[in-house]
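> Build me a model from this:
(2 chains)
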2 protein chains.
Amino acid sequence: MDDLWYSEYHSPNVRFSIKVSQQLHHEQSEYQNISIYESAEFGRFLTLDGVLMLTERDEFIYHEMIVHVAMAVNPAIRNVLVIGAGDGGVARELGRYQTIQKIEIAEIDQRVVELCQKFLPRTACGFNDPRVELHFADGLKYVRHTQNKYDLIIVDSTDPSGPGEVLFTKEFYGSCHSALSENGILINQHESPFYLTDAQAMQSAHRRILSVFPVCRIYQAHIPTYPSGHWLFGFASKGMNPIKDLNAEAWEALNIATHYYNTNLHRGAFCLPTYVEEMLKQDE
Amino acid sequence: MDDLWYSEYHSPNVRFSIKVSQQLHHEQSEYQNISIYESAEFGRFLTLDGVLMLTERDEFIYHEMIVHVAMAVNPAIRNVLVIGAGDGGVARELGRYQTIQKIEIAEIDQRVVELCQKFLPRTACGFNDPRVELHFADGLKYVRHTQNKYDLIIVDSTDPSGPGEVLFTKEFYGSCHSALSENGILINQHESPFYLTDAQAMQSAHRRILSVFPVCRIYQAHIPTYPSGHWLFGFASKGMNPIKDLNAEAWEALNIATHYYNTNLHRGAFCLPTYVEEMLKQDE
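Numbering: from 1, shown residues only, chains lettered A, B, ... in the order given. Next up is the predicted model:
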């Protein structure tokens, strides 16, 4: 077998490489470069514009953490909007709540969805849920001019360059605020505190969300295939608090089997290292 | 400048690479291969037998987490034994507690200490503390036949291959138990739950410590330059509990400025992902 390696630069001076058995697919869509690989260590994995989005082996961490934290805080969530998430993983985790009535997904790139349906069925199975309504649309345009409609908005974006860039603007966060109900929650992937470019994106997103939402708390997870392995999520709301309003008993009564998330970890995930707290405080 | 990269295989199929400006030193000591590099991203870094031990940029995470958790649980710690830790980082953090009377260090390889003193002064400064008593000795032999002497033993070992192997045996943990006082605490670097070899070492260490100590709790940290970025530590004792016995007020009154550790994070660090809990439970 050829000695074939996929590499991603986590910074100009740090490279993370995965041995691959083959490149299953590669194309330039209208919006971005899409590749899917097969590997012994991580199973199949998806890259967009050269950046690793998910691997079959560790995607459970990202998808559980971007969904279950909000659901355990507000079990009354009925209407959800998901932005991005063309792999279906967010929909799969949301689909485990019988109380959810509708899952609208606004993914800009139809080819991402089609390729994940072909090559990544473990996440794309999320699209099979009858409550899912899939729109191939720009997230900002989709959410703009909507009022008081969603109980939860999940922003499963790429990094703030390329098609994901508008999902890190103040205008976008303002539109999300308007589109959310009174108890609404906004969850976004919040980049990482460690390497410079990621840390700048984290601080910029935090500053902008704080200018729109009265509550904005950051939580963390260990995601081995993301830069530094230290990844953050944002929890923003008009008042709901991710710790005080955690309804651990109600969530546990649902008996949702998870591999990463649990209500104890939920509390722990908001306990940030001092250096991260200090970076965030610069913006408060 | 040459395009020079240091690489470590985190598994046979995963490679982590750092661009280096130069190799500052390289030698084969009596025990192991020692290298020190200079890099733009991480400053200087030390490798032993090809495995990255510490970088100037993120060593604070490892050293704060291996020291302050125990110190915040038992502020009455007076006598400390440190096994390994030839870079001086553990001694540096311990040195910040005026209540500590003696810090014995048993490091097997004198050359590691000498080279860190020459090239890594930011950690090796720890050896300058007058309470430090440095012994170039095998950790197992050093701790054997000692009774009720230490309030804290810190095992800052390499992976369980090469000179660090004996520090993962049941005999070693049993000797530590005997050497500890009634309120004594054993802290060890506990490998990682993610890649196979690390996870096996984690489970094996946990099983052996559990067979000797009544209390054995695991806590985690985000260490970007270690495999998967998800690193674990073990907290073992004859009775002290790392959460119930945490003396947060006393620790905060010490005004020790840290960059990673804080007492809120202390509690959060023991909240493990479900898959890690399950791996540990297999041994309980």
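
> Just say helix, strand or coil for A:Val159.
Just to correct that, residue A:159 is Asp rather than Val. Using DSSP: H, G, I helix; E, B strand; the rest coil, the structure places A:Asp159 in coil.

> Correct me if wrong: it contacts A:Val51.
Yes. Look at A:Asp159 against A:Val51 with CB atoms under 8 Å: they come within range, at 6.3 Å. C-beta: built from backbone N, CA, C; applies to glycine.

> What count of nearby residues applies to the residue lying closest to A:Asn148 once chain neighbours are set aside?
Nearest residue to A:Asn148, sequence neighbours excluded (CB to CB, 6 or more residues apart in numbering or on different chains): A:Ser181, at 5.4 Å. A:Ser181 has 18 neighbours, counted by other CB atoms under 10 Å in any protein chain shown.

> what residues does the strand or helix carrying A:Ser181 touch?
Assigned by DSSP states H and E, A:Ser181 belongs to strand A:180-189. Residues from elsewhere that reach strand A:180-189 (CB atoms under 8 Å, 6 or more residues apart in numbering or on different chains): A:62, A:66-67, A:69-70, A:73-74, A:76-77, A:79, A:148-157, A:167, A:173, A:176-177, A:205, A:209, A:213, A:231-240.

> same thing but 7 Å
A:66, A:69-70, A:73-74, A:148, A:150-157, A:176, A:205, A:213, A:233-238, A:240 (CB atoms under 7 Å, 6 or more residues apart in numbering or on different chains).

> Stretch A:255-262 now?
Residues outside stretch A:255-262 that contact it (CB under 7 Å, 6+ apart): A:Phe60, A:Ile61, A:Glu64, A:Met65, A:His68, A:Arg96, B:Pro273, B:Thr274, B:Tyr275.

> In helices, which of the residues you listed appear?
Of the contacts of stretch A:255-262, the ones assigned to helices by DSSP state H are A:Phe60, A:Ile61, A:Glu64, A:Met65, A:His68, B:Thr274, B:Tyr275.

> any idea which of those has the most stuff around it?
Counting by other CB under 10 Å, top hit in the ones in helices among the contacts of stretch A:255-262: A:Met65 with 27 neighbours.

> pretty sure that one is in contact with A:Ala221, am I right?
Yes. With contact defined as CB atoms under 7 Å, A:Met65 counts as touching A:Ala221 (4.5 Å).

> Which parts of the stretch 151-284 of chain A are helices?
Ranges of helices in the stretch 151-284 of chain A, per DSSP state H, counting those that start in this stretch, are A:170-179, A:196-210, A:248-253, A:263-269, A:274-281.

> Could you find the closest non-adjacent residue to whichever residue of the stretch 151-284 of chain A sits closest to chain B?
Of all residues in the stretch 151-284 of chain A, A:Gly229 sits closest to chain B, at 2.0 Å by CB to the nearest CB. Leaving aside its sequence neighbours, A:Gly229 sits nearest to B:Gly229 (CB to CB, 6+ apart; 2.0 Å).

> And A:Gly84, by the same measure?
A:Gly84's closest residue in space is A:Asp156 (CB to CB, 6+ apart), at 4.2 Å.

> Could you do A:Tyr173 as well?
Closest residue in space to A:Tyr173, ignoring its immediate chain neighbours: A:Val212 at 4.6 Å, by CB to CB, 6+ apart.

> What are the neighbouring residues in contact with the one you found?
A:Val212 makes contact with A:Lys170, A:Tyr173, A:Gly174, A:His177 under the criterion CB under 7 Å, 6+ apart.

> switch the cut-off to 6 Å
Residues near A:Val212 by CB atoms under 6 Å, 6 or more residues apart in numbering or on different chains: A:Tyr173, A:Gly174, A:His177.

> Highest neighbour count among these?
A:Tyr173 (25 neighbours).

> I'd assumed A:Leu210 was in contact with that one.
No. Contact criterion CB atoms under 6 Å: A:Tyr173 and A:Leu210 do not qualify, at 9.3 Å.

> Go ahead and confirm A:Phe127 touches A:Val90.
No. Counting by CB under 6 Å, A:Phe127 sits too far from A:Val90 to count as a contact (10.5 Å).

> who's more crowded, those two?
Between A:Phe127 and A:Val90, counted using other CB under 10 Å, A:Val90 has the larger neighbour count: 26 against 21.

> where's that one relative to A:Val67, distance?
Per CB to CB, to the nearest Å, A:Val90 is found 6 Å from A:Val67.

> what's the nearest residue to A:Arg111 if we skip its chain neighbours?
Closest residue to A:Arg111 apart from its sequence neighbours, by CB to CB, 6+ apart: A:Ser29 at 4.0 Å.

> number of nearby residues for that neighbour?
A:Ser29 has 16 nearby residues by other CB under 10 Å.

> What separation do you get for it and B:His177?
A:Ser29 is 60 Å from B:His177, by CB to CB.

> which SS class is A:Thr123?
A:Thr123 - assigned by three-state DSSP - is helix.

> That one: what's its closest spatial neighbour, skipping adjacent residues?
Leaving aside its chain neighbours, A:Thr123 sits nearest to A:Gly89 (3.9 Å; criterion: CB to CB, 6+ apart).

> and what of A:Cys125?
Distance criterion CB to CB, 6+ apart; nearest residue to A:Cys125, sequence neighbours excluded, is A:Arg92 at 5.8 Å.

> ok, the one you found touching A:Asn128?
No. Using CB under 6 Å, A:Arg92 is not in contact with A:Asn128; the gap is 8.9 Å.
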